[in-house]
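Visitor: sequence and computational prediction follow.
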Number of protein chains: 2
Amino acid sequence: MPRFAEVTALTTDGPGRFSGQVHPDWTIAGKPNGGYLLAMLGRAAVLAGQHEHVIAASAHYLYPPEPGPVLVEAEVLRAGRSASQLRTRMSQDGRACVDALVTTSVLDPGVKPYWSAGVPEAGDSLFADGFRLPEQSPSGFEVAIMREVDLRIDPASLGFASNAPSGRGELRGWLALADNEPFDTLSLLYAVDSFPPATFDVELSGWVPTLELTVYVRALPAPGPVRILQRAHLIDAQRVDEVCWVWDSSGRPVAHGTQLAGIRLG
Amino acid sequence: MPRFAEVTALTTDGPGRFSGQVHPDWTIAGKPNGGYLLAMLGRAAVLAGQHEHVIAASAHYLYPPEPGPVLVEAEVLRAGRSASQLRTRMSQDGRACVDALVTTSVLDPGVKPYWSAGVPEAGDSLFADGFRLPEQSPSGFEVAIMREVDLRIDPASLGFASNAPSGRGELRGWLALADNEPFDTLSLLYAVDSFPPATFDVELSGWVPTLELTVYVRALPAPGPVRILQRAHLIDAQRVDEVCWVWDSSGRPVAHGTQLAGIRLG
């Protein structure tokens, strides 16, 4: 089974120019996961820039690439001492697919959180008690990516699977990579977009395509699965904004995502 | 007093190429407000694209421009039927200052929110009861922008002004533009970055420079002041992430912002 580092690998073709392969299994209904694509752009930013960790990445999604070869480009906008900013983009057959701005820096493993009272409670559910999501969505399409990762929903969040959403718009659970590959700042970009839409806990719908995804990576994660809370805020004008919190296995908040997605409700 | 539309005005110099003037009064300690700069980039996206409303904008801040002339560029990445994506950038004297990705669309004034249970309570404070922020910060620097707007903090959030922060990391209040100019999708980009750092309600600090700012505009706002909730989540590694909620005068949620900023605490 390919490791995350392998399915996001890039070959350098020239300065700021890379080629990659979108894996056919990292898809939902045949469309690549948006966080997975952002991880490839983050990798390009790390390769083209001077800092090893992505701390902020903001992607706008133009067109979903097909599984197969993609061109990834990275342009350094500013190379500072403590941080760099880059523009990255993914295209396929000359068509622009994803554009992202990325800030890279170096995260110090010795730093501890100073104040975290604004972060929701992580909860105390156990990885072992979670329900592993199958390769088919409740509305019937194939979720091939569930073959590649071990994504578990807490029993208390499982109402949507029996057509009994809680109405809170909130899904909690866990994510592990294959062979328990440790998370890094790039796979955290995927983690914040890995969960089903939190709107499933409001009302089931078809595909909820990500339009914009912003991720902040706040710390280097400890090895092991990450705990995830995906929460919907507002469904208006056939769009929804959601937030994602990610804690590492030690309980430390390590990443925060926010996304705007299209939805056929309302 | 200049209206918001005037201080963000752009002159077209060529295809996707505009000139603007950063106003000396839209500054905090001499540095232009980040949301104000993003509104100029949003205007460039609307002028260069085919849709009149910004619905998502993500900015990475490289270098603060001085008040005075700036070059603003906008490149159409994709021109769709219902939405367009653009890359925009601001530079000054050849130095890159702000890069932003912007998605534009058309917001229909007839649509109503479908589900909003994930949005915090707006609260019931009154604009008239708010405390108008002065032109000097608690830590002593000049906040010239307070001459240009009427920003009012709810009495319950005012602890920071008497060195008694609540520790919740939360500021609530109101924002009105000069002469009660109605808000639009561009001035909402400023609104989500208009409040003092919510970390002032944890501990006072110096400048809290925005590194990344993402805004979702969800609806066209009704005329009148907007209600704002600015909330800090996590201070870690000398950075903080904050969220901003904006409601229009009718109580409808109209914009949501999230930002990563630098802070000298911890």
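Guide: Thanks, I have it.
Visitor: for chain B, what are the nearby residues on the stretch 51-200 of chain A?
Guide: A:55-56, A:58-60, A:62-63, A:77-78, A:83, A:85, A:87, A:96, A:99-103, A:107-108, A:111-119, A:167-170, A:198-199 (C-beta under 8 Å from any C-beta of the partner chain). Every C-beta, even on glycine, is put in place using the N, C-alpha and C of the backbone.
Visitor: can you give me the end-to-end distance of stretch A:147-161?
Guide: 18 Å (C-alpha to C-alpha, to the nearest Å).
Visitor: for stretch A:123-135, the distance to its chain's centre please.
Guide: Between the centre of stretch A:123-135 and the centre of its host chain there is 18 Å, according to C-alpha atoms, centre = their mean, to the nearest Å.
Visitor: from the residues of the stretch 51-200 of chain A next to chain B, keep the buried residues only.
Guide: A:55-56, A:58-60, A:62, A:77-78, A:83, A:85, A:87, A:96, A:99-103, A:107, A:114-116, A:118-119, A:169-170, A:198-199 (16 or more other C-beta atoms under 10 Å in any protein chain shown).
Visitor: give me the subset of the residues you listed lying in helices.
Guide: With DSSP state H as the criterion, helices contain none of those.
Visitor: ok, now which ones touch the residue of the stretch 151-266 of chain A found nearest chain B?
Guide: Proximity to chain B, evaluated over the stretch 151-266 of chain A using C-beta to the nearest C-beta, is greatest for A:Gly266 at 2.9 Å. When contacts are counted by C-beta atoms under 8 Å, 6 or more residues apart in numbering or on different chains, A:Gly266 touches A:235-238, B:111-115.
Visitor: which other residues reach stretch A:175-182?
Guide: With C-beta under 8 Å, 6+ apart, stretch A:175-182 has contacts from A:1-5, A:127, A:148-152, A:183, A:187, A:191, A:194-195, A:221, A:223-226, A:228.
Visitor: which helix or which strand is home to the residue of the stretch 151-266 of chain A closest to chain B?
Guide: If you go by DSSP states H and E, A:Gly266 is not part of any helix or strand.
Visitor: excluding chain neighbours, what is closest to it?
Guide: Counting by C-beta to C-beta, 6 or more residues apart in numbering or on different chains, B:Tyr114 is the residue found nearest to A:Gly266 once chain neighbours are left out, at 2.9 Å.
Visitor: list phi and psi for the one you found.
Guide: Reported as degrees, to the nearest 10, the phi and psi values for B:Tyr114 are phi -90, psi -40.
Visitor: ok, it - contacts?
Guide: Neighbours of B:Tyr114 in contact, by C-beta under 8 Å, 6+ apart: A:235-236, A:265-266.
Visitor: which of the residues you listed are buried, as a ChimeraX select command?
Guide: Per 16+ other C-beta under 10 Å, the buried members of the contacts of B:Tyr114 correspond to this ChimeraX selection:
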select /A:235,236,265
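Visitor: of the contacts of B:Tyr114, just say which sits nearest to B:Gly30.
Guide: A:Asp236 (37.8 Å; C-beta to C-beta).
Visitor: now, the contacts of stretch A:175-182 that are in helices?
Guide: A:4-5, A:187, A:191.
Visitor: between those, which has the most around it?
Guide: Among the ones in helices among the contacts of stretch A:175-182, the one with the most neighbours (other C-beta atoms under 10 Å in any protein chain shown) is A:Ala191, at 27 neighbours.
Visitor: report the contact partners of that residue.
Guide: So A:Ala191 contacts A:35, A:175, A:183, A:226, A:228, A:244, A:246, A:255 (C-beta under 8 Å, 6+ apart).
Visitor: tally of neighbours for the fifth one?
Guide: Read it as A:Ile228. With other C-beta under 10 Å as criterion, A:Ile228 counts 25.
Visitor: with the first one instead?
Guide: Here the neighbour count serves as a burial measure; for A:Gly35 (other C-beta under 10 Å) it reads 26.
Visitor: return the distance of the strand or helix carrying it from the chain's centre.
Guide: Using DSSP H and E, A:Gly35 sits within helix A:34-48. On the basis of C-alpha atoms, centre = their mean, helix A:34-48 sits 11 Å off its chain's mean C-alpha point.
Visitor: which neighbouring elements make contact with that helix?
Guide: Helix A:34-48 sits against strand A:10-14, strand A:17-22, strand A:53-61, strand A:68-79, strand A:83-92, strand A:95-105, helix A:185-191, strand A:210-217, with contacts defined as 3 or more C-beta pairs under 8 Å, 6 or more residues apart in numbering or on different chains; DSSP states H and E.
Visitor: now render those as a markdown table, adding mean pLDDT.
Guide: What follows is the helices and strands packed on helix A:34-48, written out as a markdown table (pLDDT from 0 to 100):
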| stretch | mean pLDDT |
| --- | --- |
| strand A:10-14 | 98 |
| strand A:17-22 | 98 |
| strand A:53-61 | 98 |
| strand A:68-79 | 98 |
| strand A:83-92 | 98 |
| strand A:95-105 | 98 |
| helix A:185-191 | 98 |
| strand A:210-217 | 98 |
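Visitor: turn these into a markdown table, columns for distance to B:Leu213.
Guide: Below are the helices and strands packed on helix A:34-48 laid out as a markdown table (distance: least, C-beta to C-beta, whole Å):
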| stretch | distance to B:Leu213 |
| --- | --- |
| strand A:10-14 | 28 |
| strand A:17-22 | 28 |
| strand A:53-61 | 9 |
| strand A:68-79 | 16 |
| strand A:83-92 | 13 |
| strand A:95-105 | 11 |
| helix A:185-191 | 19 |
| strand A:210-217 | 9 |
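Visitor: which among the ones you listed is found nearest to A:Ser139?
Guide: Per C-beta to C-beta, nearest to A:Ser139 of these: strand A:210-217, 17.2 Å.
Visitor: adjacent strands (with direction) for that closest one?
Guide: strand A:53-61 (antiparallel), strand A:253-262 (antiparallel) (DSSP bridges).
Visitor: and it with helix A:34-48, angle?
Guide: 50 degrees (axes from the mean of the first three to the mean of the last three C-alpha atoms, to 10 degrees).
Visitor: what does strand A:210-217 rub up against?
Guide: By C-beta under 8 Å, 6+ apart, strand A:210-217 touches A:34-35, A:38, A:53-61, A:107, A:185, A:188-189, A:192-193, A:239, A:254-262, B:56, B:58, B:83, B:101, B:103, B:212, B:214, B:216, B:241, B:258, B:260.
Visitor: ok and the helix holding A:Gly35 relative to strand A:83-92, angle-wise?
Guide: Going by the same axes, to 10 degrees, helix A:34-48 makes 120 degrees with strand A:83-92.
Visitor: buried ones in helix A:34-48?
Guide: A:34-46, A:48.
Visitor: residues in contact with the spatially closest residue to A:Phe4 that is not a sequence neighbour?
Guide: Nearest non-adjacent residue to A:Phe4, counting by C-beta to C-beta, 6+ apart: A:Ser187, 4.8 Å away. Listed by C-beta under 8 Å, 6+ apart, the contact partners of A:Ser187 are A:4, A:39, A:177, A:181.
Visitor: quick one: mean pLDDT for stretch A:150-170?
Guide: Computed over stretch A:150-170, the mean pLDDT rounds to 95.
Visitor: separation between the residue in the stretch 51-200 of chain A that chain B sits nearest to and B:Leu265?
Guide: Of all residues in the stretch 51-200 of chain A, the one sitting closest to chain B is A:Tyr114 (2.8 Å; C-beta to the nearest C-beta). A:Tyr114 is 6 Å from B:Leu265, where distance means C-beta to C-beta, to the nearest Å.
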